[in-house]
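structure for this input, please:
(one chain, ligands or ions: 2)
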Amino acid sequence: MKTLSATSKTFADELAAFCRAAEPSPEIAASVAAILADVRARGDEAVSYYAAKFDSAKLRAKEFRVKPTLIADAAKKLPAAERKAIEAAHANILAYNRKNLPANWTAKNKHGAEVGEKFDPIRRVGLYIPGGQVPLVSTVLMTATMAKIAGCPQIAAFTPSDPSGKVSPSLLAALHIAGVDEVYRIGGVQAVGAMAYGTTTIPAVDKIFGPGNAYVCEAKRQVFGTVGVDSLPGPSELMVIADDTARADFVAADLLAQAEHGSGREKIYLVATSQKIIDAISGEIQSQLKLIARSEKTQAVLTGGFLAIEAPAPDQIADIANYVAPEHLEIITKPAAEKKLLRAITTAGAIFLGNHTPTALGDFTAGPSHVLPTARTARFSSGLRTADFMRRTSIVRYAAASVKKANDVTSRFAAMEKLDAHGRSVKIRA
Ligand SMILES: NC(=O)c1ccc[n+]([C@@H]2O[C@H](COP(=O)([O-])OP(=O)(O)OC[C@H]3O[C@@H](n4cnc5c(N)ncnc54)[C@H](O)[C@@H]3O)[C@@H](O)[C@H]2O)c1
Ligand SMILES: [Zn+2]
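Ligands and ions are numbered 1, 2, ... in the order given. So this is what the prediction gives:
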């Protein structure tokens, strides 16, 4: 753990340096570019090659797609308690995301013409479901549910297999429950390349969704433009803002939870109003570390990816949070400070309030998607929602009377821009 004081002279530079470490290195960018170029050139053959290289899975092209019967079977064999948990989470996620379904509209403009927007589902979407370290069953629900609400006619999911070609049965069952039956046991950069460029066996998608490790995230950044991408949700991050009302044991548990993902590039931030609070929470982390299963990988994040900041003033805390733009932000403070911070912090991916709202609730079941921007990209992008699975078309209809009213404006613009034919095409109707 690194500790900084927000009042020190070098604070801004040190914070910037820590945050920069979350950006993909030039080495990652270069190796991703090489894999993408190879998938584009050699298609299925390259996909097989990288599945063997990175996931030790020997897969021929005709084995990429998981048989739909296997997916249905996984759902049938799902233990009742797991089914109940998946269905309960699914219900909350459905209810939350139905609220942000965009609606078509029409209105009249100043010329009396009809103007409006219509929204349509993106025709073919690709969902990346991480599976390198752990099978992210929840990510199925946090992406597919919105694609279904939007009405996307084709939904293809991609996730890495284990060396024997197996995909987690719980993950397959969740896909079945969410209504997805086109699933490929392919992960990593090669999956992103196949989604973007298409191969003989994998049809290209129009937009790629979902989180992943630093390689997957960088691959999505590189294929943007060839296809759409939702955002850049990379290795998880959590910032906790704590004053003396925060329970040290709760905060420690939450920081450990987001350090646990296991890619080793996760980042955790503790912003506390006193050094005493930092000491209490780091003491708790040390004792709780002994209790959790994934302690070795978590330890790596605690050493290199954990920043504690002492910052007494709310204004200063808000500035820090707005700079870091953390994926997850927990605010555990007195009500007055909470109110102030909630208003002043405008760049967090998701905010969790109070002692009883661990980020894990958002990870699994509260309702909003856990697919959230990381590495400071929350400054300009937001978490996944239904509208991301739709595209928008503007619609305009003028009648003879309304086009007359527009003629003056268009002829002026045509003259200014020296585009005579533009002006004439309106005039001929007016
Ligand atoms: N921001 C979010 O919304 C969000 C949500 C859930 C999970 N996550 C993050 O997703 C990540 C999942 O990571 P993961 O590793 O478990 O699964 P993953 O599926 O994202 O990545 C595994 C794949 O990475 C590829 N890979 C590994 N090493 C490579 C290398 N050296 N070169 C090229 N490719 C390589 C392999 O092909 C492998 O299949 C975690 O960091 C987690 O924090 C983020
Ligand atoms: Zn998490």
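
residue 151 contacts residue 121, correct?
Yes: with contact defined as Cβ atoms under 8 Å, residue 151 counts as touching residue 121 (4.2 Å). Just so you know, the C-beta spots here come from the backbone N, C-alpha and C atoms, and that holds for glycine as well.

and these two? which has more neighbours close in?
residue 121 (19 against 14; other Cβ atoms under 10 Å).

got the CA positions of the lengthiest helix in the chain in PDB?
Longest helix of the chain, by residue count under DSSP state H: helix 80-98. Provided in PDB are the C-alpha atoms of helix 80-98 (Å, rounded to 0.1, in the frame of the first residue of the first chain):
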ATOM      1  CA  ALA A  80     -31.900 -25.100  -7.600                       C
ATOM      2  CA  ALA A  81     -30.100 -22.600  -5.300                       C
ATOM      3  CA  GLU A  82     -28.000 -21.300  -8.200                       C
ATOM      4  CA  ARG A  83     -31.100 -21.000 -10.400                       C
ATOM      5  CA  LYS A  84     -32.800 -19.100  -7.700                       C
ATOM      6  CA  ALA A  85     -29.900 -16.700  -7.300                       C
ATOM      7  CA  ILE A  86     -29.600 -16.100 -11.100                       C
ATOM      8  CA  GLU A  87     -33.300 -15.500 -11.500                       C
ATOM      9  CA  ALA A  88     -33.400 -13.100  -8.500                       C
ATOM     10  CA  ALA A  89     -30.500 -11.100  -9.900                       C
ATOM     11  CA  HIS A  90     -32.100 -11.200 -13.400                       C
ATOM     12  CA  ALA A  91     -35.400  -9.800 -12.100                       C
ATOM     13  CA  ASN A  92     -33.700  -6.800 -10.500                       C
ATOM     14  CA  ILE A  93     -31.500  -6.100 -13.500                       C
ATOM     15  CA  LEU A  94     -34.600  -6.400 -15.800                       C
ATOM     16  CA  ALA A  95     -36.600  -4.000 -13.700                       C
ATOM     17  CA  TYR A  96     -33.900  -1.400 -13.500                       C
ATOM     18  CA  ASN A  97     -32.900  -1.400 -17.100                       C
ATOM     19  CA  ARG A  98     -36.500  -1.300 -18.500                       C
END
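
ok, for the closest residue to ligand 1 within the chain, nearest residue in space, not its chain neighbours?
Taking Cβ to the nearest ligand atom, ligand 1 has its nearest neighbour within the chain at residue 188, 2.1 Å off. In space, and not counting its chain neighbours, residue 188 is closest to residue 54: 5.4 Å by Cβ to Cβ, 6 or more residues apart in numbering.

separation between the one you found and ligand 2?
Computed as Cβ to the ion, to the nearest Å, the residue 54 to ligand 2 distance reads 23 Å.

burial of that residue, as a residue count?
16.

then residue 8?
Other residues near residue 8 come to 11 when the count uses other Cβ under 10 Å.

from here on, call the first residue 37.
Sure, I'll start counting at 37 from here, so that last one is residue 44.

closest residue of the stretch 137-286 of the chain to ligand 2?
Nearest to ligand 2 in the stretch 137-286 of the chain, going by Cβ to the ion, is residue 272, at a distance of 4.8 Å.

that residue - how many residues pack around it?
26.

show me what contacts it?
Counting by Cβ atoms under 8 Å, 6 or more residues apart in numbering, residue 272 touches 294, 297, 302, 303, 363, 364, 410.

10 Å - rerun?
247, 293-299, 301-304, 337, 362-364, 395, 399, 406, 408, 410 (Cβ atoms under 10 Å, 6 or more residues apart in numbering).

is any residue of the helix or strand containing residue 82 near ligand 1?
Per DSSP states H and E, residue 82 falls inside helix 80-91. Yes: residues of helix 80-91 contacting ligand 1 under Cβ under 6 Å from any ligand atom: 90, 91.

which parts of that helix are buried?
Neighbour counts over helix 80-91 (16 or more other Cβ atoms under 10 Å) mark 80, 82, 83, 84, 86, 87, 90, 91 as buried.

who are the packing partners of it?
The contact analysis (3 or more Cβ pairs under 10 Å, 6 or more residues apart in numbering; DSSP states H and E) places helix 80-91 against helix 62-78, helix 224-233.
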